[in-house]
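Trainee: structure, please.
(one chain, ligands or ions: 2)
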Amino acid sequence: MLWAKEQAPADLVFRGTRVVDAAEGIDATLDVRVDRGVIAAVGERLDANGHRVVDASGLVLAPAFVDPHVHLRTPGREDEETIASGTAAAAAGGYCAILAMPNTDPVVDSAATLGSLVEAALREAEVPVGFLAAITRGQSGEELTEMGELADAGAVAFSDDGVPVRSAGLLRRALQYASVTGRPLALHCEEPTLSRGGHVHEGAVAAELGFAGYPSVAESVMVERDLALAAYEEQPVHILHLSAAESVAALRRAREAGVRGTGEVTPHHLVLTDEAVRSLDANVKMNPPLRAERDRAALLDALRDGTIESIATDHAPHARHEKEAPFEAAPFGVTGLETAFAVLHTSLVRPGLLPLGTLLERMSTGPARVFGIASPRVAVGAEANLVLLDLERQWRVGEEPFRSRSRNSWLLGEKLIGTVALTIAGGAVVFER
Ligand SMILES: [Zn+2]
Ligand SMILES: [Zn+2]
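Mentor: Ligands and ions are numbered 1, 2, ... in the order given. Next up is the predicted model:
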């Protein structure tokens, strides 16, 4: 279900690195040896087996990251991103697997379109990539896609991301079909009669700036509806880009009641609030919008306690001229693959708000579990999917060119602490600083 181009398997030894893998219960200084792309030994003073030795003292080695929510913009907007550029950005961000959303032009709603993406990934993907297919034809919300055929063609999951599935009846039928395919639904929760084209969280900042408000309840009412349908059909649903405290509370209640609901949160919703919109920088315009401090705090609590299992970037590249438009005219979305770890390390781990092990788990094993991807881990016999992190290095976002074709980062010019030093994905070294 994941595809990448052929690459030479890695032969190397990480010497004296702090290995952190919460799922395996490891946090210790060790050597890790990779033979032909597979973790061959984890221990002290390992024989190098003739391999290249990476002096990793003072660095952290962890399972590489999995991003369940990326917009690769292909087919249709290759000026903004391609499989090659998006997966290169992912490699630089420490990812060993990413999942691409189907809201492209054309929409990924047929086995033929999906098949051509798979072929392109086999030619150009630097890290393994999986594709979601649309729930409804053309994401128009009217007619279901051939979900069985799309699953056979390799769809990892189904989503109409970008827009909600407006009809509860249609979503119910999608859940029934999804149960046959065994693939989860990933849902963009927005009640359009409440969001009404709003650009900014409905609150004091929107009122002061005179922007149309997009209230929290526009999200939470759909989260409640979708979890109710998941409960009724006894099927899993994954809630994309949670932003509101009420949505988090609904997810927590549903999970406690045994509903198979999972959720994800983005770095920007964990770090920023609608106060950032005062800058009128279009790079803080996204859907759902940045919300209030109480929402941000609720998201962080839920990430800490596991109610939210996954961090997703919702990497959404946009052409420079589009984002240079006035705030209200600019499109929604920001990039994130190349900065996710660094900003969360800087803003949450260093101040003591989130343990490093929890951050690493929510960026790796958490999303892998939700989407049925083999969990990256530091264990003998596992395919090497590893990220080497330098937690001390300081850098400024944008000082080096982005691998992404777009640079609509909300962090441009910000100083961050912590960086990816090396990434192994699918057994191959795909990035090295
Ligand atoms: Zn969305
Ligand atoms: Zn998205």
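Trainee: quick one, what contacts His383?
Mentor: Just to correct that, residue 383 is Glu rather than His. Gly37, Val38, Ile39, Ala374, Gly426, Gly427 (C-beta atoms under 8 Å, 6 or more residues apart in numbering). Where you see a C-beta, it was placed from the backbone N, CA and C, and this is true even at glycine.
Trainee: could you dump the residues you listed to JSON lines with pLDDT and secondary structure?
Mentor: Below are the contacts of Glu383 laid out as JSON lines (pLDDT from 0 to 100; DSSP: H, G, I helix; E, B strand; the rest coil):
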{"residue": "Gly37", "pLDDT": "98", "secondary structure": "coil"}
{"residue": "Val38", "pLDDT": "98", "secondary structure": "strand"}
{"residue": "Ile39", "pLDDT": "98", "secondary structure": "strand"}
{"residue": "Ala374", "pLDDT": "95", "secondary structure": "coil"}
{"residue": "Gly426", "pLDDT": "98", "secondary structure": "coil"}
{"residue": "Gly427", "pLDDT": "98", "secondary structure": "coil"}
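Trainee: buried only: go through those residues for me.
Mentor: Gly37, Ile39, Gly426, Gly427 (16 or more other C-beta atoms under 10 Å).
Trainee: and those residues, which two are the farthest apart?
Mentor: The distance between the two most remote of the buried ones among the contacts of Glu383 (C-beta to C-beta) is 12.9 Å, for Ile39 and Gly426.
Trainee: quick one: neighbours of Gly58, just the number.
Mentor: Residues within reach of Gly58, counting by other C-beta atoms under 10 Å, total 12.
Trainee: which of the buried ones among the contacts of Glu383 sits closest to ligand 1?
Mentor: Gly426 (27.3 Å; C-beta to the ion).
Trainee: for the closest one, grab phi and psi.
Mentor: phi 60, psi 30 (degrees, to the nearest 10).
Trainee: return the residues in contact with it.
Mentor: Leu2, Ala4, Gln7, Gly37, Cys96, Val127, Pro128, Glu383, Asn385.
Trainee: switch to 7 Å and redo it
Mentor: Applying C-beta atoms under 7 Å, 6 or more residues apart in numbering, one finds that Gly426 lies in contact with Ala4, Cys96, Val127, Pro128, Glu383, Asn385.
Trainee: how close does it get to Arg33?
Mentor: Separation of Gly426 from Arg33 (C-beta to C-beta, to the nearest Å): 18 Å.
Trainee: so Ile311 sits against His269, correct?
Mentor: No: taking contacts as C-beta atoms under 7 Å, Ile311 lies outside contact range of His269: 10.0 Å.
Trainee: more crowded one of those two?
Mentor: Counted by other C-beta under 10 Å, Ile311 and His269 do not tie: Ile311 has more neighbours, with 29 against 24.
Trainee: show the pLDDT at that one.
Mentor: Ile311 is assigned 98 on the pLDDT scale.
Trainee: show me the beta-bridge partners of it.
Mentor: Judged by DSSP bridges, the bridge partners of Ile311 are Val265.
Trainee: show me where the stretch 251-400 of the chain has its helices.
Mentor: Counting by DSSP state H, counting those that start in this stretch, the stretch 251-400 of the chain has helices at residues 267-271, 293-305, 320-323, 340-344, 356-362, 365-370.
Trainee: go through these and name the closest to ligand 2.
Mentor: Short answer: helix 267-271, nearest of the helices of the stretch 251-400 of the chain by C-beta to the ion, at 12.0 Å.
Trainee: how about the residues of the protein by ligand 1?
Mentor: Within the chain, the positions near ligand 1 by C-beta under 5 Å from the ion are Asp161, His188.
Trainee: top helix in this protein by residue count?
Mentor: Taking DSSP state H as the criterion, the chain has its longest helix at helix 216-233.
Trainee: next one: that helix to chain centre, how far?
Mentor: 21 Å (C-alpha atoms, centre = their mean, to the nearest Å).
Trainee: show me what it is packed against.
Mentor: Judged by 3 or more C-beta pairs under 7 Å, 6 or more residues apart in numbering; DSSP states H and E, helix 216-233 is in contact with helix 168-181, helix 192-195, strand 237-239, helix 245-256.
Trainee: how about the helix or strand of the chain with the lowest mean pLDDT: buried residues?
Mentor: Within the chain, no helix or strand scores below helix 320-323, which has a mean of 92 by mean pLDDT, DSSP states H and E. Along helix 320-323, these residues count as buried under the neighbour rule (16+ other C-beta under 10 Å): Lys323.
Trainee: beyond the helix or strand that contains Val66, next helix or strand please.
Mentor: Taking DSSP states H and E as the criterion, the element that holds Val66 is strand 65-70. Sequence-wise, the next helix or strand downstream of strand 65-70 (DSSP H and E) is helix 83-92.
Trainee: what angle do strand 65-70 and that following helix make with each other?
Mentor: 140 degrees (axes from the mean of the first three to the mean of the last three C-alpha atoms, to 10 degrees).
Trainee: and after helix 83-92, which helix or strand comes next?
Mentor: Using DSSP H and E, the helix or strand that follows helix 83-92 in sequence is strand 95-100.
Trainee: now look at that following strand and say if it contacts ligand 2.
Mentor: No: residues of strand 95-100 are not located near ligand 2 by C-beta under 5 Å from the ion, the shortest gap being 10.1 Å.
Trainee: mean confidence score for that strand?
Mentor: Rounded mean pLDDT across strand 95-100 is 98.
Trainee: contact partners of that strand?
Mentor: Counting by C-beta under 7 Å, 6+ apart, 2, 64-70, 72, 87, 90, 127-132, 156, 337, 371, 373, 376, 385, 423, 425-426 sit against strand 95-100.
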